[in-house]
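**Student:** What follows is a protein structure lacking sequence information:
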């Protein structure tokens, strides 16, 4: 079954702690994306990557970091510098130049203790 | 700058009736793509329908169709024969390069039995 998986489904962060959200895809898509979703604000782009070992900041990258060491994986780290991390995080992937459609994972809900 | 506006935060429709969700966008590009995504209570983002700007014909997918007015920069979604499973948040989205997607703030649709 091809698709995008995100783990964990729920994640709790303590003050000053870094946490990492996992995103894996077996769709052979080149591009991957991380979005943050807050109530009433739609989706906002955090980071995206068009190719392995390369990524770009989105609109709200401050307090977040990513890596893209493998085509299938695009983990997101929420650092202690992100002062308001409570949100729903969505990972997506696509094939640039091919219908330009993004496919999404099931999401991770991050809560601060 | 690209922006996507959904001016209807909430809507409701009787089961089996038809409803139209509005979306406007702003861009200086000539070639781009528009999407409607559905987010049910499970929060999984699901692609409903896609429209390529260079195609004049409006896209249709079973009970879902769009009214694409390129000059007016309008992209509305019509849902016919509404079903209880259509209850969800609906997001309009835009991309011109596939590098960045821009999402509206969403319309919460409730189908009333």
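**Tutor:** Okay, I see it. On a predicted model such as this, the values are computed, not experimentally measured, just so you know.

**Student:** So which residues on chain B come close to chain A?
**Tutor:** For chain B, the contact set with chain A under CB under 8 Å from any CB of the partner chain comprises B:9, B:33, B:35, B:37, B:42-47, B:50, B:91, B:93, B:95, B:97-101, B:103-106. Glycine gets a C-beta too; all of them are placed from N, C-alpha and C.

**Student:** Could you tell me how many residues sit around whichever residue of chain B sits closest to chain A?
**Tutor:** For chain B and chain A, the shortest gap (CB to the nearest CB) falls at residue B:45, measuring 3.8 Å. Around residue B:45 there are 26 other residues, counting by other CB atoms under 10 Å in any protein chain shown.

**Student:** quick one: contacts for the closest residue to residue A:13 other than its chain neighbours?
**Tutor:** Ranked by CB to CB, 6 or more residues apart in numbering or on different chains and with sequence neighbours excluded, the top spatial neighbour of residue A:13 is residue A:19, at 4.8 Å. Neighbouring residues of residue A:19 by CB atoms under 8 Å, 6 or more residues apart in numbering or on different chains: A:11, A:13, A:77, A:78, A:110.

**Student:** looking at the sheet around residue A:19, what are its partners?
**Tutor:** Residues in a beta bridge with residue A:19, per DSSP bridges, are residue A:78.

**Student:** do the same with residue A:37
**Tutor:** Under the criterion used (DSSP bridges), residue A:37 bridges to residue A:43, residue A:88.

**Student:** By neighbours, which of the contacts of residue A:19 wins?
**Tutor:** Neighbour counts for the contacts of residue A:19 (other CB under 10 Å) peak at residue A:78, which has 24 neighbours.
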